[in-house]
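Colleague: Mind folding the following:
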Amino acid sequence: MTMSAAPWNRVEGKIQPWHLDRLAIVYVRQSTPQQVIDHAESTRLQYGLRQRAVELGWDASRVLVIDEDLGHSASGLVIRPGFQRLVSEVGLDHVGLVLGVEMSRLARSGREWHQLLELCALAGALLADPDGIYDPAEHNDRMLLGLKGTISEAELHLIKQRMWNGRIAKARRGELAVPLPVGYVRLSDGQVVKDPDEQVQSLVKLVFDLFDELATINAVLRFLVDHGIEIGVRARSGPGKGQLEWRRPSRIVIQNMLRHPAYAGAFVYGRSRTDPRRRLAGRPFTGRIRRPREEWLVYLPDVLPAYIDTERHERNLARIEANRA
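Modeller: Prediction:
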């Protein structure tokens with residue numbers, strides 16, 4: 001019985017000598033920093049494509065690994081410097097072959113994927129994955145690559161849908177680990193409690209008392225600044241994650257404290273949504289728009305330990321709105 005040739009060996013004359021004079025680019029990507037840590041085998045396989053390029057005829061010195069996008073999503077919502085570098089090299093006719101473990105590593109966005117295909121077709125560059133080698137200038141290969149891109153984009157939609165369903169289900173049970181406002185900490189078992197530092201608790205109570213007395217956010221801020229009072233904040237990331245840091249108060253911090261329903265004991269989720277048109281390049285957390293209260297996705301009263309009662313919270317919101325008017 002004759003063994004069929006491996007996909008990598010069924011090159012069918014697509015690789016020409018002038019391809020070998022150009023670069024073979026290995027594009028390495030994982031969607032999140034956590035995936036880089038948890039899925040080390042996937043990253044290793046991607047780096048292993050360097051040897052595949054050598055086996056296909058490229059000199060090792062002509063194989064370029066682009067891995068600046070480790071920890072960057074390919075959904076098209078964030079800037080990917082590695083992908084932009086890849087597109088630039090292809091457009092400058094420097095590339096003979098682009099290698100990836102999966103086509104989805106290159107782009108989940110149909111726009112970016114077809115842009116890359118068009119550039120490769122114009123420049124004569126080939127694409128390759130473990131299933132074979134493709135020439136985007138040939139009709140059959142272009143159709144197959146287009147199908148792979150469509151499947152990749154649909155896969156992204158399904159992944160996002162599954163993640164969203166799980167996230168909203170946890171939120172409706174009040175178990176979703178959302179970022180906590182000043183004055184709260186999350187224990188190792190997931191339980192949310194008031195910050196164990198009594199000075200932090202006293203400061204939170206002071207802010208609400210000052211707002212009752214002074215009536216405006218700016219007046220509260222002036223009082224804190226004039227008396228040298230700082231806000232105790234728990235670091236959310238970095239080597240000092242969870243440690244208490246004392247920071248100069250700001251208007252946005254005071255406003256968020258007065259508006260946040262958690263201080264009245266409510267667990268809420270979905271108070272804002274993202275408008276892609278307002279998102280700034282390189283700043284993934286921008287473009288957020290506050291939803292009206294009736295559009296919040298989850299509102300569970302009496303779930304968290306409260307600093308104030310619901311009636312007082314409602315009065316604060318009404319006063320803030322009146323001050324704006």
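Colleague: contacts, neighbours, all on C-alpha from now
Modeller: Will do.
Colleague: count of residues packed around the residue lying closest to residue 244 once chain neighbours are set aside?
Modeller: Spatially, and ignoring its direct neighbours in sequence, residue 244 is nearest to residue 234 (4.6 Å; CA to CA, 6 or more residues apart in numbering). Look at residue 234: counted by other CA atoms under 10 Å, it has 20 neighbours.
Colleague: Kindly report the same for residue 230.
Modeller: Using other CA under 10 Å, residue 230 has 16 neighbouring residues.
Colleague: same deal with residue 118?
Modeller: For residue 118, the neighbour count with other CA under 10 Å is 16.
Colleague: repeat for residue 236
Modeller: Residue 236 has 13 nearby residues by other CA under 10 Å.
Colleague: Look up the pLDDT of it for me, please.
Modeller: Looking at residue 236, its pLDDT is 85.
Colleague: likewise residue 290?
Modeller: At residue 290, the pLDDT recorded in the model is 86.
Colleague: Where does the prediction get shaky in this structure?
Modeller: Applying pLDDT under 70 to the chain flags residues 1-12, 31-39, 71-79, 103-105, 107-109, 281-285, 325.
Colleague: now the strands for it?
Modeller: All strands of the chain, identified by DSSP state E, fall at 23-30, 63-70, 95-99, 126-129, 132-134, 184-186, 192-194, 231-234, 244-247, 267-269, 272-274, 288-290, 298-300.
Colleague: can you list contacts of the first one?
Modeller: Contacts to strand 23-30, defined as CA atoms under 8 Å, 6 or more residues apart in numbering, come from residues 36, 43, 46-47, 49-50, 53, 58, 62-73, 82, 86, 94-100, 105-106.
Colleague: related to what we said a few turns ago, looking at the strands of the chain, which is closest to residue 144?
Modeller: Each of these has some distance to residue 144 by CA to CA; the shortest is strand 132-134, at 8.6 Å.
Colleague: so how far is that closest one from its chain's centroid?
Modeller: Its chain's C-alpha centre and that of strand 132-134 lie 31 Å apart, by CA atoms, centre = their mean, to the nearest Å.
Colleague: coming back round to it: residues contacting the residue nearest to residue 244?
Modeller: Contacts of residue 234 (CA under 8 Å, 6+ apart): 182, 185, 241, 242, 243, 244, 245.
Colleague: quick revisit: okay if I get the strands of the chain as a markdown table plus distance to residue 163?
Modeller: Below are the strands of the chain laid out as a markdown table (distance: least, CA to CA, whole Å):
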| stretch | distance to residue 163 |
| --- | --- |
| strand 23-30 | 17 |
| strand 63-70 | 21 |
| strand 95-99 | 29 |
| strand 126-129 | 27 |
| strand 132-134 | 31 |
| strand 184-186 | 22 |
| strand 192-194 | 23 |
| strand 231-234 | 27 |
| strand 244-247 | 32 |
| strand 267-269 | 15 |
| strand 272-274 | 17 |
| strand 288-290 | 20 |
| strand 298-300 | 17 |
